[in-house]
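Asker: Everything below, folded, please.
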Amino acid sequence: MDSDIEEMTSNSIKLLAGNSHPELAERISRRLGIPLSKVGVYQYSNKETSVTIGESIRDEDVYIIQTGFGAEEINDFLMELLILIHACKTASARRITAVIPNFPYARQDKKDKSRAPITAKLIANLLETAGCDNVITMDLHASQIQGFFHIPVDNLYGEPSVLNYVRTKIDLKNAILVSPDAGGAKRVASLADKLDLNFALIHKERQKANEVSRMVLVGDVTGKSCLLIDDMADTCGTLVKACDTLLNHGAKEVIAIVTHGIFSGNAREKLQNSRLSRIVCTNTVPVDMNLPIIDQVDISPTLAEAIRRLHNGESISYLFTHAPM
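Answerer: Alright, predicted model coming up:
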């Protein structure tokens, strides 16, 4: 071809959002300076989900923002995401990335008893079958879930944003970090190294899912401010019992810090009646901010920067240790 023929312009970013977390989608949109594309998501009277994309996305780089959230709506939101991905695929989008800050069914990541499903693997299969090319998520309950996919998965961390919050909003004199279970020990040890603090561990025994029967503290928390670190707070039974355990062992105060503040069931009532001084969470899922002890960390800059870097072919590993300002 003649050299003077103009080259085709590179594909642009299209941001689509489902109904799970419109506020977060708006924050990401403002941060990137890219408007959200027109999307209509409806439910028929029989609860079937219908999706309409109101503009052309042919040969575009599409990012669909949809988080795993809702006591009753989580499956509706998952179907919305799958149908949106499929709609983009059939509309000839060049690349489709699902931005899922809180990955649904992430706790069902292993066969821990006879005839138990590995539902997180099923979700991975559904996303790939629908036509997803990439996944961006945050603080997976088990990072090995990335291995369930045959497509790239970028598991971002809330840790850099949490560190900024802790250093600016919490008095670290005479503080100690605490993991509410053995599974979170690695996460807490990483934070303890960066903050130059000691950490303690609580061993919990469960009789059944979402119900803790007994807690044993390993470490000395007498007279100290305890920062209780976990990846998610769902029914908050673990956090409340851990708080009571720490205070009964002489702790001065307990501040809980979690990435995903799900707060389902009677969590709100438990928090109101708890002895927690504060509970800090990110906005990976919508949070009812009417409770005075809840404080929130905005992670939309991290997600927006991940989208920008993925689109431009830049390294995302920078975001594992740095929070965009």
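Asker: tell me the SS of residue 113?
Answerer: Put simply, residue 113 is coil when judged by DSSP: H, G, I helix; E, B strand; the rest coil.
Asker: I meant to write residue 295 there.
Answerer: strand.
Asker: Neighbours of it, how many?
Answerer: Residues within reach of residue 295, counting by other C-beta atoms under 10 Å, total 16. Bear in mind the C-beta positions are built from the backbone N, C-alpha and C, glycine included.
Asker: bridging residues for it?
Answerer: residue 280 (DSSP bridges).
Asker: State the pLDDT value of it.
Answerer: At residue 295, the pLDDT value in this model is 93.
Asker: same question, residue 187
Answerer: Residue 187 carries a pLDDT value of 87.
Asker: residues touching the spatially most central residue of the chain, list them.
Answerer: The chain has residue 102 as the residue nearest its centroid, 3.2 Å off, counting by C-alpha atoms, centre = their mean. Contact partners of residue 102, counting by C-beta atoms under 8 Å, 6 or more residues apart in numbering, are 67, 68, 69, 137, 138, 232, 260, 262, 284, 285.
Asker: any idea whether the last one is helix, strand or coil?
Answerer: Residue 285 falls in the coil class when you classify it by three-state DSSP.
Asker: My guess is it contacts residue 66. True?
Answerer: No - in this structure residue 285 lies outside contact range of residue 66 using C-beta atoms under 8 Å: 11.1 Å.
Asker: higher neighbour count, these two?
Answerer: Taking neighbours as other C-beta under 10 Å, residue 285 and residue 66 compare with residue 66 leading, 27 against 21.
Asker: Below-threshold pLDDT in the stretch 151-300 of the chain: ranges please.
Answerer: 205-213 (pLDDT under 70).
Asker: ok, now with 80
Answerer: Low-confidence segments of the stretch 151-300 of the chain, defined by pLDDT under 80: 183, 204-214, 288-289.
Asker: Around residue 125, count how many other residues there are.
Answerer: Here the number of neighbours of residue 125 (other C-beta under 10 Å) works out to 12.
Asker: from what I can see, it looks like it's in a helix, true?
Answerer: Yes - per three-state DSSP, residue 125 lies within a helix segment.
Asker: show me the contacts for it.
Answerer: Taking C-beta under 8 Å, 6+ apart, one finds residue 148 in contact with residue 125.
Asker: Kindly state the domain boundaries assigned to this protein.
Answerer: As given by automatic domain parsing, the domain ranges for the chain are 13-157+301-320, 159-296.
Asker: At which residues are the strands of the stretch 1-150 of the chain located?
Answerer: For the stretch 1-150 of the chain, the strands defined by DSSP state E, counting those that start in this stretch cover 13-17, 39-43, 49-53, 61-65, 95-100, 134-138.
Asker: Thank you, goodbye.
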